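>>> here is a sequence with its predicted model. Questions after.
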Amino acid sequence: MRGSTRVMPTKQGLFLTSHAVDVRGNGAAGGYLQQENQFLRIIPGLPVSFDVTPDGCNIALSIYDRTESEISIPRLKAVNVCERR
């Protein structure tokens, strides 16, 4: 995975962010959750920052949605990985 990755553990596996945007949009940028020895993107966009709650179930991140070479204002997103299937 290219693009300034950061990784933190959760109860459901590692959570990784990537800044691998392309010239037309989000590209491979986003938030990925490790499941069965692979990383699946669960949140597309250009992540600014993120953190995982102490119980390992919730991830909060600030993320831009990049489309057609423009970057929107960042949005705050939250994901409960303990309830994901």
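Cool, got the structure.

>>> low-confidence ranges in this structure?
Residues of the chain meeting the criterion pLDDT under 70: 1-4, 68-71, 84-85.

>>> how about the nearest residue to the most centrally placed residue in it, chain neighbours excluded?
Per CA atoms, centre = their mean, the C-alpha nearest to the average position across the chain is that of residue 31, at 1.4 Å. With sequence-adjacent residues excluded and distances taken as CB to CB, 6 or more residues apart in numbering, residue 31 is closest to residue 43, at 3.9 Å. Any C-beta I mention is one placed from the backbone N, CA and C, and that applies to glycine too.

>>> and the helix or strand where the one you found lies, which strands flank it?
Using DSSP states H and E, residue 43 falls within strand 38-44. Partner strands and pairing direction for strand 38-44 (DSSP bridges) are strand 30-35 (antiparallel).

>>> circling back to that earlier point, in the sheet, who's paired with the residue nearest to the centre of the chain?
Partner residues in beta bridges with residue 31, using DSSP bridges, are residue 17, residue 43.

>>> can I assume it is in contact with residue 59?
Yes. Using CB atoms under 8 Å, residue 31 is in contact with residue 59, at 7.0 Å.

>>> common neighbours of these two, please.
15, 50, 79 (CB atoms under 8 Å, 6 or more residues apart in numbering).
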